[in-house]
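Chemist: I would like to see how this sequence folds:
(chains A and B)
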Amino acid sequence: MKLLLIIPLYVVVAVMLIYTARHYLFTLNRLFGRHRQPYVDIGTAAWPTVAVFIPCHNEEAVITHMLDALLAGDYPAEQLVIIPIDDRSTDGTRAILTDYAARFPGRVRPFYRSEGKPGKAAALKDASTEAAGSDASIHLVFDADYLPGRGLIKQLVAPFFDVEVGAVMGRVVPINVSKSLLTRLLDLERTGGYQVDQQARMNLGLIPQYGGTVGGVRRSALSSVGGWRDDTLAEDTDITFRLVLAGWEVAYQNRSECYEEVPETWPSRIRQIKRWARGHNQSLWRYWWRLLKRPEHLRLRTMLDGQLLLGVYAVGPLLVLGWGLALALYYLGVQLATGLLAIFAVALYSTLGNFAAFFEVAAGARLDGSRGRIKLLPFLIVGFLVSLVSVSWATLVQVLTSWRRENNHHWEKTERFRSPDLVVPNGEDS
Amino acid sequence: MPGKPQPLAALEGPERLEALRVRGHQGGVIAPHRAMVGLRWTAWRLVSTVLLVAGGLAGYVAALPWIGLGWQRVFRFGRDYLGLQLPLGTRTLPLPGGLELTLPAVAAQTPLPDTRVLWIAGISCAAVVLLSFLFSERFTPLKYFLRLLVLIQTTAIVFFALAPGAFPYRVEDHVFLLLSAGLVVLGLVPILLGLTLHVFDLALWKKLVLTVLVLVHLAVFVPLNVLVHVWLIQHGTAIVMPVLFLVFGLLLDVFVFVTFYGWALSWRQSGPRDRPPPVHLG
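Modeler: Residues are numbered from 1 along each chain as shown, chains lettered A, B, ... in the order given. Below is the predicted model:
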């Protein structure tokens, strides 16, 4: 009986150790290794045609900021088309888009959806083939609450001059950091995830993840793998692994930063991370075997790290299982090794999602030059506890209901907190 | 040892080129974007890290007998301060290399919960759960934490309701386990700091101070924390032991470590501030 509990416990500990070692290596690489940022110097070029897709569902509070920021960019106007996808909004989003289309003819070309599957993935799937302007060679995607800087589009397009690159991802930076403890903790998580984790994966030739926003895909690459899938909750993870399996590279651009609005309330955060967990787990289920079979072009280390990347949200329930086993063994009188319990305790200072360990977060914040934020490090456990429970619950429900074939695709968008009164210059007056 | 930077005129070759690359208006420094900066790894960093880890471990081993004695004194003082009617003794902890350490021990009966205590614990748990529904969304983490405590406490209630005689721990075991775990954490501190803190560009004395601070803090904190556990067990019976062991034992030690670590990494870097961090573009 005791052995039946001890063996799985050691398996859980082994998984924790593997993830901890992985992120320690990432941190060292980011701090001292050579950075692969091969496209960052491209400033002058024959820029290709670009379509920027902005999936929208009731985004009246933020969409004008996004459009204004894009219109103020330095990408050649004749090569850029902005395609806001309005999917069944019931607020003023459609009217706003229509107004922008009239004011910026040819530059803003809204795509309206009122039927078909709802959701971001389905919206992208339709718009990427049917929208006017979707024949552009590069498709970038932004969520509606983002605020791209003037030069961001060029920065994100530059990697596509490399013919092997199928997708690009930029860095996400929270704009509403000072709102609450939650936003500060999310800022730390993002710092570890992008400044360290994504850049280290880029450096090491592993798989930087296309994150569904502040990034994009080459249209020919997208077509070659069958386009966006509308039966997934995480079209970003899904397309990342389909592209990688098909032999395309994913490039991460740490220099290409874009502001986003992180959730300011815990319920909003819980909904967000549950959605991410379900979508990511879906990709784990779909691609782990294909990845394990390792296509010829994929290096062993890339495959192995890809498996770990696919499994980041499965680690949550695994850790809960580990604590459950430890509790059971405690009652059975098995005195667990202190080191083993210490590993569990340290694991509680990791963050799910990007699974950045506390030293990774600290390294990222220090590289960012914002030392003061690192004092919040011990409070990561606060966010982690909520994430752990939410992710584990979402995974459990997902597993238990996986036999049901129901159409559960709908918009699961994150609540917006920004005031619509924010003014973003769009260059209209200049 | 790292010294002061040399003036530009004194530099030659690649060093001069690197200095010129960041030379700005009127001799100012053009700081590179945060996306590209890294840290310099130097032989001195490696040597100082090894020295700090070795020194920390040596200091820890040398201090072990004092820690054992100190903890015994803390227990005597704590017992009197908290008014605990406990006979104190010692217990020997065998250490690697044929060493051993004498730790304080509590030779008291372990009070087991009776039906009344089980009911009180059950009602308290239910009350906490109900209370947690009244919390606003801002206190969501607290809500989750309290419910987690209730979950573990419920397992204890069920266990003591079904098989009170099968509980495998006495207060003495609880104390010994936590003190031993504290010693392991203390021993891990220099190594963990070597792996995660000393690689950063902090001044050597800051790293040294931090190592000493963490070790001293934990050396004082561990026995005091265990004494609080003993007080709670004496007043709340063994029913509180699972929660205390799993949530308020080693986890608190790690919390202390991470807190100091975060504080230390918020300190300024060593060396001149007019020199930008290196760029490692490949």
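
Chemist: From now on I want contacts and neighbour counts done on CA atoms only, so please keep to that.
Modeler: Will do.

Chemist: Check which element follows the top helix by length along chain A along the chain.
Modeler: In chain A, with assignment by DSSP state H, the single longest helix is helix A:2-32. Once the chain leaves helix A:2-32, the next helix or strand it forms, by DSSP states H and E, is strand A:50-56.

Chemist: In its sheet, which strands sit next to that following strand, and in what direction?
Modeler: Here strand A:50-56 is paired, per DSSP bridges, with strand A:80-87 (parallel), strand A:138-141 (parallel).

Chemist: Could you report the pLDDT at residue 22?
Modeler: All of this refers to chain A. Residue-level confidence at residue A:22 comes out at 92, pLDDT.

Chemist: right idea, wrong chain: chain B
Modeler: 74.

Chemist: Near it, how many other residues are there?
Modeler: 17 (other C-alpha atoms under 10 Å in any protein chain shown).

Chemist: Not counting residues beside it along the chain, what's closest to it?
Modeler: Spatial nearest neighbour of residue B:22, excluding adjacent residues (C-alpha to C-alpha, 6 or more residues apart in numbering or on different chains): residue B:30 at 4.9 Å.

Chemist: Quick check: residues of the stretch 101-250 of chain A near chain B?
Modeler: Counting by C-alpha under 8 Å from any C-alpha of the partner chain, the residues of the stretch 101-250 of chain A close to chain B are residue A:195.

Chemist: would you list every one of the helices in the stretch 101-250 of chain A?
Modeler: A:120-130, A:152-157, A:181-190, A:199-203, A:219-224, A:235-245 (DSSP state H, counting those that start in this stretch).

Chemist: same thing with the stretch 1-150 of chain B?
Modeler: B:13-21, B:43-82, B:115-132, B:140-162.

Chemist: and the second one, does that touch chain A?
Modeler: Right, the one you point to is helix B:43-82. No. Judged by C-alpha under 8 Å from any C-alpha, helix B:43-82 stays clear of chain A, getting no closer than 12.1 Å.

Chemist: Residue 24 - how many residues pack around it?
Modeler: By default, I'm working from chain A. Counted with other C-alpha under 10 Å, residue A:24 comes out at 20.

Chemist: Chain B is the one I meant
Modeler: Residue B:24 has 11 neighbours, counted by other C-alpha under 10 Å.

Chemist: so how far is chain A from the residue lying closest to it once chain neighbours are set aside?
Modeler: Leaving aside its sequence neighbours, residue B:24 sits nearest to residue B:30 (C-alpha to C-alpha, 6+ apart; 5.4 Å). Distance from residue B:30 to chain A, counting by C-alpha to the nearest C-alpha, to the nearest Å: 15 Å.

Chemist: didn't residue B:30 look like it was pressed against residue B:23?
Modeler: Yes. Using C-alpha atoms under 8 Å, residue B:30 makes contact with residue B:23 at a distance of 6.1 Å.

Chemist: For the residue nearest to residue B:22, grab the count of nearby residues.
Modeler: So residue B:30, with other C-alpha under 10 Å, has 15 neighbours.

Chemist: Ok, which of the helices of the stretch 101-250 of chain A comes nearest residue A:372?
Modeler: When the helices of the stretch 101-250 of chain A are compared by C-alpha to C-alpha, helix A:181-190 sits nearest residue A:372, at 11.2 Å.

Chemist: Packing partners of the closest one?
Modeler: Using 3 or more C-alpha pairs under 8 Å, 6 or more residues apart in numbering or on different chains; DSSP states H and E, the elements in contact with helix A:181-190 are strand A:165-174, helix A:358-367, helix A:380-400.
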